Structures are given as C-alpha cells and as structure tokens.
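1. let's see this in three dimensions:
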Amino acid sequence: MLTSLDLRGVLNYVEQFNKKNFLFILEESCLEEAWLSGFLLDVDKLIGVGVGCLVCLNSHDEAILEKVEELLLESSVAFDFFQEVGSSKAQWEAALTRGQILVTKGLIEDKTQVQKIFTKLIWIDESGFAQLADSQLNTQLLDRRAIFLDQSEPINLENQDERLMVAKDWCAQARIPRVHFLTTAEEHSLLEELFSAEGVGVMVYTNPYEEIRPLEKSEIVELLALMGPVISRQALLPRSYAEIENQIEDYLALVVDQHVLGCVAIHYHSCGENKEDQLAEIACLFIKPTHQNQGYAKKLVKAAEAQAISKGAHQLVALTKTAGKLFIELGYTLENQDLLPDMIKDRGAPDKEFYVKSIYIAE
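-> Numbering: from 1, shown residues only. The predicted model follows:
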C-alpha cells in the first residue's frame, strides 16, 4: 500500500515528472494478465500527469505477445504498437507526445536512437534484485537501494552481476541517468518506487542522487514545512523564513532525489579579542522523520565540521535535546552548561545538553 508516501512529496514528483519520458522493460515473466492489468493502469496514470511512456515487451513468444495485445485491446488504456525498425529519434519523440502507452515487441537494440529521450529506465522482472545491493562492484551504497555507477571506471566482467552490466550498458549507450530494478512481488511497487525518495526496488544512477550542499533560497519554504511538526513537539527551535534567509550562507541542505530532506546550520562566533579565533556552533540539525536512523544526521554533522575547519574554526559546540548520542559518537564531549560561551548562553536550558569538540590543526 502507499500509506508510507508523503502527499507533499508525491506532488513534488508530479511536477518533476511532467514532460519527461520513461522507458519500461518487462521481462517475459511479468506478462501475465493479473499483474499486467494493474501495471497498465499505473502507466496510464503516469501519462495523465504528463509522462511519456514506452513499454518494451522482452519476449519472443508470439503466443504471449498476442495475449498481451488482446489484453491491451480489452483494457481502457490508449496504446499504440510501435515498430523500431526504421525508426528515428524524431519519430520516437513525436510518438511519445500522443498521450498513449507506446509498446514494442522486444528490446530496442539501437540504443543511440533513444539517447537523451528518456530520464528513467524501469526494468521489471518476477525475481528479486536484492543481490544488486550486495555486489562487489566498487560502488557507493545508499541505504542498500541506490547504487552509483561511475561510467568512467573500468569493470571486471567476471566479478559483476549481469544486471549491473546491463544497467551500465544502458546508462552509457542510451544516456539514461537512472535505471530502476523492480519485481512483481509487491503490489504498487512501481508507484512506491517512483513517488518516494526511499523506493522499494534497486536503483542504479549516474547523476547526483544524494548530496549535501548550500541551502538555496527557493528551498526555505519546503524546509520550514518539513520542520513544522518537529518544532511543534518542541524538539527543534522555531525559525522563521526571515531568520533562515538572513543566515542562509550558514545552512547546508541534505538533498535526496531532488528533495530537501534535512539541514544543518554552522554559525560562526569570534572569541575574545582575536577575531580569527573562531568558534563554530552546529545548530538546526534536522532530518525528515521518515528518513531518520539512516545515517543522514552523521553525514550532515561531518559536512558541517569540514566546512568549519576550512574556515579556521578552532572549536565546535552544539546544544541539543535529542542528538546527544550522535555527538558522542563523533568525538564530542558532554560539558556543564556553566561553560557555555557568552554568545549562546541565552539558548541554554535544563532540557538541553552542551557538547564540545576541539579542533587541532597541525602546524
């Protein structure tokens, strides 16, 4: 079921997907009426929000393909069988604007014909793809569902999963930045994968999927909307749009699949008479509740520390109600609030803990 999906997040995806084209490859094991009927309805809904959809039926069994064609004729969806032979890029692009499900019998062999047309390839099979996340490929794993493929890195064919090799081939030759592997085991797996940042399948990607970068002004409203429920539970200090905007250079955003899911602020304070003797305060550490306990908070704090060190901070401090365990893991020391620096004493409170970490820079 789609109960775990965030409605605001879904609406953001609808905007992102508009006027984009998706390529689906269905293995022969998927071409059964019970599953295929639901899949066609889901694809039809994607077309309704402005997505161009091409479905490749990866089968050479004429009896199966005839049954699929009969199912399409009996369904309420608009479709068109498209022959690849003699097709050109212009023909593909024109066909995708018809508002129909385009269907081909077999795979598109000449991947150069679809270059830069499709932003996603969704590959669906009956069997699982969990082994992709356990591959020995030199990849960056993100919560075991997203795998980064560096197209410039040579690959040892003998040690890699065959599907990863297929994904790399499509990414490189068809220039499709995202390849999603799904199964037919879960109902609505297609919608869960496409309309949530965490997904339910395995995604291979060649363009940025997760990044920590400076917060942009256009993202402040989205961030405040996410923070609202946490602020209402008094687990985070309230901040206004103006406050964040005035200090926006202090904020780093966690962005996953083009969605802001968290942030951290680094406020700098001069200590004593030496203005270059800086103290960096780690503040406003926030992760969207649905994405907590996945290591994102630690990544944000480490990114904040790296920035603070690059700007010459000699000490890091943090006041927190809930992240004490994290700061201890990262080498901070719990201190008495009597030692709070003057510039943040007004934010001390009995329900908060004060953590300190000294930075030693080799001469």
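
2. list the helices and strands the longest strand that the chain contains packs on?
-> Longest strand of the chain, by residue count under DSSP state E: strand 259-270. Helices and strands touching strand 259-270, by 3 or more CB pairs under 8 Å, 6 or more residues apart in numbering; DSSP states H and E, are helix 220-232, strand 251-256, strand 278-287, helix 296-310. From N, CA and C alone the C-beta is placed, and that goes for glycine too.

3. and residue 210, which of these is closest to it?
-> strand 251-256 (4.9 Å; CB to CB).

4. for that closest one, which strands pair with it and how are they oriented?
-> strand 210-214 (antiparallel), strand 259-270 (antiparallel) (DSSP bridges).

5. domain assignment for the chain?
-> 7-207, 211-358 (automatic domain parsing).

6. how close does residue 24 get to residue 265?
-> 42 Å (CB to CB, to the nearest Å).

7. likewise for residue 241?
-> 14 Å.

8. neighbour count winner among those two?
-> Per other CB atoms under 10 Å, whichever of residue 241 and residue 265 has more neighbours is residue 265, with 21 against 12.

9. show me what that one is bridged to.
-> Here residue 265, judged by DSSP bridges, has bridge partners residue 251, residue 283.

10. might one say that it is in contact with residue 300?
-> No - under the criterion of CB atoms under 8 Å, residue 265 is not in contact with residue 300, lying 9.9 Å apart.

11. anything in contact with each of the two?
-> Shared contacts of residue 265 and residue 300 (CB atoms under 8 Å, 6 or more residues apart in numbering): residue 252.

12. who touches the residue most central in space within the chain in this structure?
-> Nearest to the geometric centre of the chain sits residue 257, at 2.7 Å (CA atoms, centre = their mean). With contact set as CB under 8 Å, 6+ apart, residue 257 has these partners: 197, 209-210.

13. phi, psi for it please.
-> phi 50, psi 40 (degrees, to the nearest 10).

14. please apply the same query to residue 197.
-> phi -70, psi -30.

15. which ones are touching it?
-> Counting by CB under 8 Å, 6+ apart, residue 197 makes contact with 9, 256-257, 259, 261, 291.

16. mind doing that once more with 7 Å?
-> Listed by CB atoms under 7 Å, 6 or more residues apart in numbering, the contact set of residue 197 reads 9, 256-257, 259, 261.

17. any idea of the pLDDT on it?
-> The confidence metric pLDDT takes the value 72 at residue 197.

18. cool, residue 213 as well?
-> Reading off the model, residue 213 has pLDDT 95.

19. and for it, the neighbour number?
-> 11.

20. can you pull the contacts of it?
-> Applying CB under 7 Å, 6+ apart, the residues near residue 213 are 252-253, 255.

21. now, among those residues, which is nearest to residue 350?
-> residue 252 (29.1 Å).

22. contacts only, for the closest one.
-> 212-215, 263-264, 300, 303-304 are the contacts of residue 252 under CB under 7 Å, 6+ apart.

23. let me have those in JSON lines, extended by distance to residue 328.
-> JSON lines is the format used below for the contacts of residue 252 (distance: CB to CB, whole Å):
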{"residue": "212", "distance to residue 328": "22"}
{"residue": "213", "distance to residue 328": "27"}
{"residue": "214", "distance to residue 328": "28"}
{"residue": "215", "distance to residue 328": "27"}
{"residue": "263", "distance to residue 328": "22"}
{"residue": "264", "distance to residue 328": "17"}
{"residue": "300", "distance to residue 328": "16"}
{"residue": "303", "distance to residue 328": "19"}
{"residue": "304", "distance to residue 328": "16"}
